[in-house]
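Q: coords please:
(one chain, ligands or ions: 1)
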Amino acid sequence: MKDWDLVIVGGGPAGLSAGIYGARARLRTLIVEKLACGGQAATTHRTGDYPGFARGITGPELMEQMEKQAQSLGVQVHYAEAKDLRSESSGHVLLTDGEEIKGKALIIATGTTPNALGVPGEDEFRGRGVSYCATCDGAFFRDKDVVVVGGGNSAAEGALFMTRFARKVYVVHRRDRLRATKILQEHLAAHSKIELLWNKVVKEIQGGAFVERILLADTKGGPDLAIDASGVFVYIGNSPNSGWLRSHLELDERGYIITDERMQTSLPGVFAAGDVRRTPLRQVVTAVADGAVAAVEADSFLGGIV
Ligand code: NAP
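A: Numbering: from 1, shown residues only. Below you'll find the predicted structure:
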């Protein structure tokens, strides 16, 4: 694969935005994407907080538009998984399965992956009732009872989405207060299909061919509770996709890439953008802003080289 001015790893909102800004700066820009562009944002059923869409927009629609915009500007997308990095005097070489891709500058926008519960039954019933994406799998649970685990924005949005299909949606949270934005909390509290189960954690997922029962432990020492349900949607946070960079870039204690305000990492010419970097807010709007800053800074960095 030929050499590029700018190689972006990850085709979510941060990577696509970086691509748009990179291409507009007339950098020969490549996005290296593992699976499909759009990232986790493409699995959000409705983005109600992204400015410019008064009636909201679905995650897939928003991301499809970003991808089209990037490609219309000449950004190329190459499907491969980045495994390692090698730095040379004239740039950085990305190692994927069986090939090397060279960029004079690099932007890491690999995002995060949903955390697993780590309880008995989770792996066994993955794809048979255990899911990490309501938008992807929700329609399989029409008129069924389901459990959504977590108290953040993803859990709240997942639970609200599941009310379209499910008969009843239990939200299981380990504390007595949600972390989700107030407006989402209000929507949860007002929905007749949703029941909040406070101070509970999943102890075990049980069933036959598919999930049938969720065993909950009480974090305040109360008795266990068994919920008959066909699905469990797990939204207990995420971990950064940065393990492959551990020996190259400075990461924080949780594995997020440390950057300065210009998105510069500890390695000159390598920038990071979006959820994978240490940042106080992880939203589509912050990811696209990061991507723009990273690409503009990469362009300045390359000023003396390209
Ligand atoms: P999150 O904000 O980290 O929330 C994770 C939730 O899971 C927390 O309520 C946490 O409980 C709970 N939890 C963590 N570990 C657990 C465990 N082992 N067992 C049980 N519960 C556990 O994650 P998120 O909801 O996926 O959101 C990730 C980021 O994306 C956030 O920055 C969020 O704001 C953003 N996001 C934004 C939107 C939006 O604004 N539209 C939508 C989705 C995501 P505690 O509260 O007790 O810690």
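
Q: How about the secondary structure of E253?
A: When classified by DSSP: H, G, I helix; E, B strand; the rest coil, E253 comes out as coil.

Q: In PDB, list the C-alpha atoms belonging to the helix or strand of the chain with the lowest mean pLDDT.
A: For the chain, the helix or strand with the lowest mean confidence is helix 134-137, at a mean of 90 (criterion: mean pLDDT, DSSP states H and E). These are the backbone C-alpha positions of helix 134-137, laid out as PDB (Å, rounded to 0.1, in the frame of the first residue of the first chain):
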ATOM      1  CA  ALA A 134     -30.100  -2.500  21.700                       C
ATOM      2  CA  THR A 135     -30.200  -0.800  18.300                       C
ATOM      3  CA  CYS A 136     -28.600  -3.900  16.700                       C
ATOM      4  CA  ASP A 137     -30.600  -6.600  18.400                       C
END
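
Q: Does the ligand have contacts with that helix?
A: No. Helix 134-137 lies out of reach of the ligand by Cβ under 6 Å from any ligand atom, never closer than 11.2 Å. (C-beta placed from N, C-alpha, C; glycine too.)

Q: residues making contact with that helix?
A: 43-45, 59, 131, 148, 157-159, 161-162, 231, 233 (Cβ atoms under 8 Å, 6 or more residues apart in numbering).

Q: Give me the distance between it and the centre of its chain.
A: Distance of helix 134-137 from the chain centroid (Cα atoms, centre = their mean, to the nearest Å) equals 14 Å.

Q: May I see the buried residues of that helix?
A: A134, T135, D137 (16 or more other Cβ atoms under 10 Å).

Q: What residue in the stretch 151-300 of the chain comes nearest to the ligand?
A: Closest to the ligand within the stretch 151-300 of the chain is G152: 2.4 Å, counting by Cβ to the nearest ligand atom.

Q: List phi and psi for that residue.
A: phi -90, psi -170 (degrees, to the nearest 10).

Q: got the contact list for it?
A: L178, R179, A180, Y235, G237.

Q: if we can go back for a sec, looking at the buried residues of helix 134-137, spot the one nearest A273.
A: T135 (23.6 Å; Cβ to Cβ).

Q: Quick check: which element contains E64?
A: With secondary structure defined by DSSP states H and E, E64 is part of helix 59-72.

Q: what about the helix or strand containing A287, average pLDDT?
A: Here A287, judged by DSSP H and E, is contained in helix 284-302. Averaging pLDDT along helix 284-302 yields 97.

Q: Which other helices and strands does that helix contact?
A: strand 4-9, helix 13-24, strand 99-108, strand 270-272 (3 or more Cβ pairs under 8 Å, 6 or more residues apart in numbering; DSSP states H and E).

Q: what's the closest of those to R282?
A: From those, taking Cβ to Cβ, the stretch that ends up closest is helix 13-24, at 10.1 Å.

Q: For the stretch 151-300 of the chain, just list every one of the strands.
A: 168-172, 194-197, 200-207, 211-218, 225-228, 231-234, 238-240, 270-272 (DSSP state E, counting those that start in this stretch).

Q: how about those strands in TSV, adding mean neighbour count, mean pLDDT and distance to D143?
A: Formatted as TSV, those follow (neighbours: other Cβ atoms under 10 Å; pLDDT from 0 to 100; distance: least, Cβ to Cβ, whole Å):
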stretch	mean neighbour count	mean pLDDT	distance to D143
strand 168-172	25	98	10
strand 194-197	17	98	16
strand 200-207	20	98	18
strand 211-218	20	98	15
strand 225-228	14	98	14
strand 231-234	26	98	12
strand 238-240	19	97	30
strand 270-272	30	98	44
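
Q: ok, back up a step: same question for the helix holding E64, mean pLDDT?
A: 97.

Q: And the contacts of that helix?
A: Taking Cβ under 8 Å, 6+ apart as the rule, helix 59-72 contacts 11-13, 16-17, 19-20, 23, 31, 37-39, 41-47, 50, 53, 77, 135, 284, 288.

Q: Over to stretch 280-288?
A: 12-14, 16-17, 41, 47, 49-51, 62, 66, 109, 112, 273-275, 279.
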